[in-house]
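Chemist: let me see the structure of the following:
(chains A and B)
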Amino acid sequence: MDRILEIRNLCAFYGDHQALFDVSLDLERHHALGLVGESGSGKSTLARAITGLLRDCTGEIRFEGERQNGRRSAEFCRKVQMVFQNPDASLNPKHRIGTILTDGMVVQGIPRKQAMDACRELIARMELPADTLERYPRSFSGGQKQRIALARALCTEPELLILDEPTSALDVSVQRKMLELINEIRRERDLTVLFISHDLGVIHAVCDDIAVMKGGRLQETGTCSSFFASPQTEYGRELLSAVPRIAYN
Amino acid sequence: MDSRLLLIENLNLYNRSGTRLVKNVSLSLGPGETLGIVGESGSGKTLTLKSIIGLLPAGIRETCERREINGRCAMVFQSPLTSLDPLYPVFRQLVDVIELQQKLSRREAEDAAKQYLEQLSLPVDLAEKDRYPGELSGGQCQRILIALALACRPDVLLCDEPTTALDVTVQKQVMDLIRRLQQELGFAMIFVTHNLAVASQLCSRIAVMKQGEIIEMGPKEKILRNPVDDYTRELVDSVLPVPEVD
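Modeler: Numbers count the residues shown, from 1 in each chain, chains lettered A, B, ... in the order given. You can find the predicted model right below:
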């Protein structure tokens, strides 16, 4: 068992408010783990704690065996990347896509020109228009913007990709294509994925393992195949049975 | 004598710059019928609904060849928090609407409001304590909105994505509630949603909208099993499968 990420007894706080309670979770290398739960269950807080965006935590986070505390190293930042839910808030509207994509690589010490060349390949892989790098975020559709956000995360050639509701703001037909792209990229690059979603259909389409959260606590973890066949907890069962399915008659 | 509650022929809506946002939409609805309008963002489904109830935003120009509405319409909106007055207790908002719409005295309206609370499985102590929209959960606020709509005693209930902002477990409760009320009270319903699965649970007929047009409309089983239009097929294929729980 090669665990890329180990979390032990993690508690997280926003001032006086405790958002995570004693969360312990392991992430296997090259697996995709789906983190599911309803609004306010602490999914995004957990992602923020892992990446170091939220520092007010107790407990232990180990990435590749190394304990992570406070400010993360440049190496960690290269290896762990994130895609956020709302591309309008995560892509700087005043920067050209070329700048947005290459900034992360420049921080890692790669010359801008070389970074631009690497980005051109990535843009083609994401099936984005050839002139994408010269344009601003506003000239793209929601689905295109989210593919740009994915390209931005892939620029530093990460090992762990954290996707926080990457398709929730998209139309269903666009969502489907985005999920296919994520699945392809994941296999091509042998990525480990932490996929946050409130939508069990999305988790089912992408993930190997699942962790269910409620009220800042982990309810159950296991493989997707066993969860979708038979959830272990009452809440897991409730969540699964609440998903609207097509009723033909 | 025409028994249809609602008949719309060739509705067109234009914005200020003359762009046509809704194109030649025709709809009809009989008593007790349920129609789902499904489409992606910008397809014109909400505008169509707002045109029916006469709540078009300023600057939208409409033309319609034929429009007959033989009954009372009421609408449930997508976002409960922005549809309720945040500075006025929810129970009083409900009593106000009942008093006005059903022409009852204040006392009678309060009694009726308590019955609505019960019918919608809302806590009855809302009637005793002043509670504001911000103090209620999203699901509870959405139930209040449904109560407000029902207080108009509608023949046609217009629902504009009433479950989209809710968590799935709450969405299920609200859907179960709407289904139960529809059976009990027998109102006709137009349910607008981007979620084909939700529409299929609540409606017997489905209309698919794309870029302002109804591209396919028919009985739900026909639309879901044998869609004629490519886009409808794409929408049906986009519903991500989730295994059933036994």
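
Chemist: which residues touch the helix or strand of chain A with the lowest mean pLDDT?
Modeler: When the helices and strands of chain A are scored by mean pLDDT, DSSP states H and E, helix A:87-90 comes last with a mean of 89. For helix A:87-90, contacts defined as CB atoms under 8 Å, 6 or more residues apart in numbering or on different chains pick out A:83-84, A:137, A:142, A:145-146, A:148-149, A:169. To be clear about C-beta, it is placed using only N, CA and C from the backbone, and glycine gets the same treatment.

Chemist: lowest pLDDT pick from these?
Modeler: By pLDDT, A:Ala169 ranks lowest within these, coming in at 86.

Chemist: in chain B, which residue sits closest to chain A?
Modeler: Ranking the residues of chain B by distance to chain A (CB to the nearest CB) places B:Leu240 first, at 3.1 Å.

Chemist: what's the pLDDT at that residue?
Modeler: If you check B:Leu240, the pLDDT there is 92.

Chemist: how far does stretch A:178-198 sit from the chain's center?
Modeler: 9 Å (CA atoms, centre = their mean, to the nearest Å).

Chemist: is it positioned near chain B?
Modeler: Yes - counting by CB under 8 Å from any CB of the partner chain, chain B has neighbours in stretch A:178-198: A:179, A:198.

Chemist: hey, C-alpha coordinates of that stretch in PDB?
Modeler: Output in PDB follows, covering the C-alpha atoms of stretch A:178-198 (Å, rounded to 0.1, in the frame of the first residue of the first chain):
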ATOM      1  CA  MET A 178     -15.500  17.500 -18.500                       C
ATOM      2  CA  LEU A 179     -15.800  14.300 -16.500                       C
ATOM      3  CA  GLU A 180     -14.600  12.300 -19.600                       C
ATOM      4  CA  LEU A 181     -11.600  14.600 -19.900                       C
ATOM      5  CA  ILE A 182     -10.700  14.300 -16.200                       C
ATOM      6  CA  ASN A 183     -10.900  10.500 -16.500                       C
ATOM      7  CA  GLU A 184      -8.600  10.500 -19.600                       C
ATOM      8  CA  ILE A 185      -6.100  12.900 -18.100                       C
ATOM      9  CA  ARG A 186      -6.000  11.000 -14.900                       C
ATOM     10  CA  ARG A 187      -5.000   7.800 -16.600                       C
ATOM     11  CA  GLU A 188      -2.500   9.500 -19.000                       C
ATOM     12  CA  ARG A 189      -0.700  11.100 -16.200                       C
ATOM     13  CA  ASP A 190      -1.100   8.400 -13.500                       C
ATOM     14  CA  LEU A 191      -2.600  11.000 -11.100                       C
ATOM     15  CA  THR A 192      -3.900  10.600  -7.600                       C
ATOM     16  CA  VAL A 193      -7.200  12.500  -7.400                       C
ATOM     17  CA  LEU A 194      -9.200  13.800  -4.500                       C
ATOM     18  CA  PHE A 195     -12.600  14.600  -6.100                       C
ATOM     19  CA  ILE A 196     -15.000  16.700  -4.000                       C
ATOM     20  CA  SER A 197     -18.600  16.700  -5.000                       C
ATOM     21  CA  HIS A 198     -22.100  16.800  -3.600                       C
END
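
Chemist: kindly export the least confident helix or strand of chain A (C-alpha atoms) in PDB.
Modeler: C-alpha atoms of helix A:87-90 as PDB (Å, rounded to 0.1, in the frame of the first residue of the first chain):
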ATOM      1  CA  PRO A  87     -13.700  29.500 -12.600                       C
ATOM      2  CA  ASP A  88     -14.800  33.100 -12.600                       C
ATOM      3  CA  ALA A  89     -13.400  33.500  -9.100                       C
ATOM      4  CA  SER A  90     -10.300  31.400  -9.600                       C
END
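
Chemist: what about the residue of chain B closest to chain A, distance to A:Ser41?
Modeler: Distance, B:Leu240 to A:Ser41, using CB to CB, to the nearest Å: 20 Å.

Chemist: what is the least confident helix or strand in chain B?
Modeler: Least confident helix or strand of chain B, by mean pLDDT, DSSP H and E, is helix B:80-83 with a mean of 86.

Chemist: give me the contact list for the helix or strand just after that helix.
Modeler: Moving toward the C-terminus from helix B:80-83, the next helix or strand (DSSP states H and E) is helix B:90-101. Here helix B:90-101 makes contact (CB under 8 Å, 6+ apart) with B:84-85, B:104-106, B:109-110, B:112-113, B:116-117, B:126-127, B:130-133, B:136, B:141, B:144, B:147-148, B:151-153.

Chemist: give the buried residues for helix B:90-101.
Modeler: Going by neighbour count (16 or more other CB atoms under 10 Å in any protein chain shown), the buried part of helix B:90-101 is B:90-99, B:101.

Chemist: please apply the same query to stretch A:149-168.
Modeler: Buried residues in stretch A:149-168, counted by 16+ other CB under 10 Å: A:149-156, A:158-167.

Chemist: mind checking which of the residues you listed land in strands?
Modeler: Among those, the members falling in strands are A:160-164 (criterion: DSSP state E).

Chemist: nearest to A:Arg245, of the residues you listed?
Modeler: Proximity of these to A:Arg245 (CB to CB) peaks at A:Leu163, which lies at 24.3 Å.

Chemist: give me the pLDDT for B:Asp2.
Modeler: pLDDT for B:Asp2: 63.

Chemist: returning to that earlier point: out of the contacts of helix A:87-90, which is nearest to A:Leu5?
Modeler: Closest approach to A:Leu5 among these (CB to CB): A:Val83, at 16.9 Å.

Chemist: ok, that closest one touching A:Leu150?
Modeler: Yes - between A:Val83 and A:Leu150 a contact is recorded at 5.5 Å, counting by CB atoms under 8 Å.

Chemist: alright, calling it a day.
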